[in-house]
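Chemist: What shape does this take:
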Amino acid sequence: MAERAPESWTETERALWEAYRQGEILDLRTGDAGTDDAFGDAVWGAERTVRADVLAHLLLAGPEPAPGRVASLRLSGVLVTGALKLAGASIDRYVELHDCRFDQKILVSEAAASTLRFVGCLIPRLEASRLSTTGDLHLARCRLPDGIRLTDSRIGTDLLLNQTVVGGDRHGRAVSADGITVNQDFEAERLETTGELSIRTARIGGRLSLRGAQLRAVPEKTRICLNAVRVTVGHTLYLTGSADLGWSGSRGYYGSGYGQVPPSDGPVTPFRAYGQVRLSDSRFEGACLISGEFHLEGEDELSLRRIHTPELRFSCKFRPTGTVSLSRARVGNLVDDPDAWPLGRHLSLTGFVYENLRPIGTFTVQQRIAWLEGSSVDFQPESYEQLAAALRRDGADDDAREVLYAKQRRRRRTLPLPAQVWGAVQDATVGYGYRPGRAGLWLLLAWILGSLWFATHPLEPLKADERPHWNPALYTLNQLLPIVDLNQGGWNPGGLTQWISAGLVVIGWLLASTVVAGATRMLQRG
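Modeler: Sure, this is the predicted structure:
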């Protein structure tokens, strides 16, 4: 192994050779912010230029480290010319580049590496499909105008895309990472994409954080800005805001904290999605937190179909402008706010199963019913049963009965006209059995009217030789309460009075049973 750089290398490249052997940083920054800006217009001359072939030579056939040193490739403020071709390579040296410019793409597809860190770098495109690392892959604060490809890659620890700006490829994809595996966290906080962020079938061992991200679809190529179908996340998904404190002017790659809620009185950059968001068939083992802005047009939707998670927190400050679908989703706690859900039949709850309701603020039962009835044009009885069951588990029996009452009223609108008429009668009289107080009032009215009738139309005794004391109020009550005998059977009604007496018996059976059932429920709760 040669101990000196090749003679054909420039002075800057030979300095890099020695820095590599020593494990030191080759820092070519001038200290002037404008000149050192990797995204600016300042011209970097030969004194700050290194060929990509030189980097490849060092990583694949570099010199042995100096005695007592660990060789590593560490650059700051360097212009790299030519394509960095490391596809299929085995890179066992630590790589870290800060504030560097690449004039052509980086190719590390099917390569094996330890840790790769690019921070604040301008990279036209990164081709890294089936890349395997034992450590991190950092692309924090970088700009990649032609996109990133990480399909089927395996990241040993963390994948960081915080504050990174990514453009789309010719297919309209900014980040193509379908099938990626990240053993720990995937952080893309304040990520800005113009094109689709696709991580279908990804497996993430820790958190998937898109706090404060700004995702924009390219409508002429794809209407999807986030495609996370069939993703498995070992902890929590964050589609939430990012507190500005700790980010403005920050040079760190990490967020403002792990799992912390941004202060309510501080400035926050919300998560924003301009296009479809697809999370269908995904699993979030910790929670799914959604509080961003969803700018959906036409048939665009936020798809949460068939997701599984112990907790879904849906607390958007602005209602999504398109459809939110929770069809066949299964969650433990549903933590939400009535003002977070879309209006105008833009909510799908078909087969949505949740164990507990944990609203953030006041969410009345009438608002819950409106939430259900605003979710679909068609009558879906299972949605009412699901809501009633969740309310019962929380001990809100009265609210559960209110929901089931609303179910019957909604069902009536789907029936033929004769059934609708009969349903209207049941609603007005007994409230489908869920309004025992209403039945009691009708029973009281029947008692009063019956008493007035019999007070002016006394009955003849059943036996001529017996004259029991006539009490029209008790007689009427005896007819209305069929299971109670008030010793008023000694009278013989006839003609119209006989029909009125029979009608009171029928009314009593219909109404008294409803009142008794309601009283029984109250006693059981007591």
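Chemist: what's the spacing between the host helix or strand of A15 and its chain's center?
Modeler: Using DSSP states H and E, A15 maps to helix 11-22. Taking Cα atoms, centre = their mean, to the nearest Å, one finds the center of helix 11-22 at 50 Å from the center of the full chain.
Chemist: mean confidence score for that helix?
Modeler: Mean pLDDT, computed over helix 11-22, is 94.
Chemist: So which residues of the stretch 401-526 of the chain form helices?
Modeler: Secondary structure of the stretch 401-526 of the chain by DSSP state H, counting those that start in this stretch: the helices cover 417-430, 436-456, 472-480, 496-525.
Chemist: er, the stretch 1-150 of the chain actually
Modeler: 11-22, 33-36, 52-61.
Chemist: quick one: which of those helices is nearest S375?
Modeler: Of all the helices of the stretch 1-150 of the chain, helix 33-36 sits nearest to S375, with 52.9 Å by Cβ to Cβ. The way it works is simple: take the backbone N, C-alpha and C, and place the C-beta from them, glycine included.
Chemist: Now for V421, how many residues are close by?
Modeler: By other Cβ atoms under 10 Å, the residues close to V421 number 11.
Chemist: need the contact list for the nearest residue to A455 once chain neighbours are set aside.
Modeler: Sequence neighbours aside, P472 is the residue nearest to A455 in space, at 4.4 Å (criterion: Cβ to Cβ, 6 or more residues apart in numbering). Contact partners of P472, counting by Cβ atoms under 8 Å, 6 or more residues apart in numbering, are 450-455, 458.
Chemist: Could you do T157 as well?
Modeler: 133-136, 183-184.
Chemist: same question, Q22
Modeler: Residues near Q22 by Cβ under 8 Å, 6+ apart: 65-66, 69.
Chemist: quick one: which of the contacts of T157 sit in strands?
Modeler: Taking DSSP state E as the definition of strands, the contacts of T157 contribute T133.
Chemist: In the protein, where is pLDDT below threshold?
Modeler: Along the chain, segments meeting pLDDT under 70 span 1-2, 245-265, 376-377, 420, 422-440, 464-466, 482-483, 485-490, 492, 510-526.
Chemist: Leaving out the residues flanking it, which one is nearest to the residue nearest the centre of it?
Modeler: Centroid check for the chain by Cα atoms, centre = their mean gives I290 as the closest residue, at 4.5 Å. Nearest non-adjacent residue to I290, counting by Cβ to Cβ, 6+ apart: L239, 4.7 Å away.
Chemist: Next: E285.
Modeler: G234 (5.3 Å).
Chemist: roughly how far apart are the nearest residue to P338 once chain neighbours are set aside and P359?
Modeler: Take P338 and drop its neighbours on the chain: the residue closest to it by Cβ to Cβ, 6+ apart is Q367, 4.7 Å away. Taking Cβ to Cβ, to the nearest Å as the measure, Q367 falls 9 Å from P359.
Chemist: Common neighbours of those two, please.
Modeler: What both Q367 and P359 touch, as defined by Cβ under 8 Å, 6+ apart, is the set P338.
Chemist: Tell me the one of the contacts of T157 nearest S153?
Modeler: Nearest to S153 among the contacts of T157, with distances taken as Cβ to Cβ, is T133, at 8.0 Å.
Chemist: Count the residues that sit near that closest one.
Modeler: Counted with other Cβ under 10 Å, the neighbours of T133 add up to 24.
Chemist: try the one 5 residues further on
Modeler: A total of 23 residues lie near H138 under the criterion other Cβ under 10 Å.
Chemist: And for the one 4 residues further on?
Modeler: By the criterion of other Cβ under 10 Å, C142 has 25 neighbours.
Chemist: ok so, going back, please indicate which of the contacts of T157 are buried?
Modeler: Buried subset of the contacts of T157 (neighbour count, 16 or more other Cβ atoms under 10 Å): 133, 136, 183-184.
Chemist: Can you name the element that comes right after the host helix or strand of A273?
Modeler: Here A273 is covered by strand 272-274, with elements defined by DSSP H and E. As assigned by DSSP H and E, the chain's next helix or strand after strand 272-274 is strand 276-278.
Chemist: Among the buried ones among the contacts of T157, which one sits closest to H346?
Modeler: Q184 (36.5 Å).
Chemist: The closest one touches G206, doesn't it?
Modeler: Yes. At 4.5 Å, Q184 counts as touching G206 under the criterion of Cβ atoms under 8 Å.
Chemist: joint contacts of those two?
Modeler: D158.
Chemist: ChimeraX command for the buried members of the contacts of P472?
Modeler: Listed next is the ChimeraX selection for buried residues among these, using 16+ other Cβ under 10 Å:
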select :450,451,453,454
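Chemist: Using a markdown table, lay out the contacts of P472 together with distance to Q214.
Modeler: Shown next, in a markdown table, are the contacts of P472 (distance: Cβ to Cβ, whole Å):
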| residue | distance to Q214 |
| --- | --- |
| G450 | 73 |
| S451 | 74 |
| L452 | 75 |
| W453 | 76 |
| F454 | 79 |
| A455 | 80 |
| P458 | 86 |
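Chemist: quick one: which of the contacts of P472 is nearest to G23?
Modeler: Each of the contacts of P472 was checked against G23 using Cβ to Cβ; the closest is G450, at 102.4 Å.
Chemist: any idea how far R283 is from the residue nearest to the closest one when sequence neighbours are not counted?
Modeler: Closest residue to G450 apart from its sequence neighbours, by Cβ to Cβ, 6+ apart: T476 at 3.6 Å. Using Cβ to Cβ, one gets 64 Å for the distance from T476 to R283.
Chemist: Please apply the same query to T232.
Modeler: For T232, the distance to R283 - Cβ to Cβ - is 5 Å.
Chemist: wait, doesn't N183 sit right on G205?
Modeler: Yes. At 4.7 Å, N183 counts as touching G205 under the criterion of Cβ under 8 Å.
Chemist: where do the contact lists of those two overlap?
Modeler: Counting by Cβ under 8 Å, 6+ apart, nothing touches both N183 and G205.
Chemist: Now do the end-to-end distance for stretch 269-285.
Modeler: 26 Å (Cα to Cα, to the nearest Å).
Chemist: centre of the chain versus it, how much separation?
Modeler: 6 Å.
Chemist: Could you do stretch 155-170 as well?
Modeler: Centre to centre, stretch against its chain (Cα atoms, centre = their mean), the figure for stretch 155-170 is 22 Å.
Chemist: Give me the buried positions along that stretch.
Modeler: Neighbour count says stretch 155-170 has 155-169 buried, by 16+ other Cβ under 10 Å.
Chemist: ditto for stretch 218-227
Modeler: 218, 222-227.
Chemist: can the residues you listed go into TSV with extra columns for distance to A400 and secondary structure?
Modeler: As requested, the buried residues of stretch 218-227 are exported to TSV (distance: Cβ to Cβ, whole Å; DSSP: H, G, I helix; E, B strand; the rest coil):
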residue	distance to A400	secondary structure
V218	47	strand
T222	44	strand
R223	40	coil
I224	39	strand
C225	39	strand
L226	36	strand
N227	38	strand
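Chemist: re earlier: just checking, what packs against the strand holding A273?
Modeler: Secondary-structure packing of strand 272-274 (3 or more Cβ pairs under 8 Å, 6 or more residues apart in numbering; DSSP states H and E): strand 214-216, strand 224-227, strand 293-295.
Chemist: swap the cut-off to 10 Å and go again
Modeler: strand 192-194, strand 214-216, strand 224-227, strand 293-295 (3 or more Cβ pairs under 10 Å, 6 or more residues apart in numbering; DSSP states H and E).
Chemist: With distance to K317 as extra columns, can I get those strands in JSON lines?
Modeler: Shown next, in JSON lines, are these (distance: least, Cβ to Cβ, whole Å):
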{"stretch": "strand 192-194", "distance to K317": "20"}
{"stretch": "strand 214-216", "distance to K317": "16"}
{"stretch": "strand 224-227", "distance to K317": "19"}
{"stretch": "strand 293-295", "distance to K317": "8"}
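Chemist: what's the closest of the ones you listed to V268?
Modeler: Across these, V268 has its closest neighbour in strand 293-295 (11.4 Å, Cβ to Cβ).
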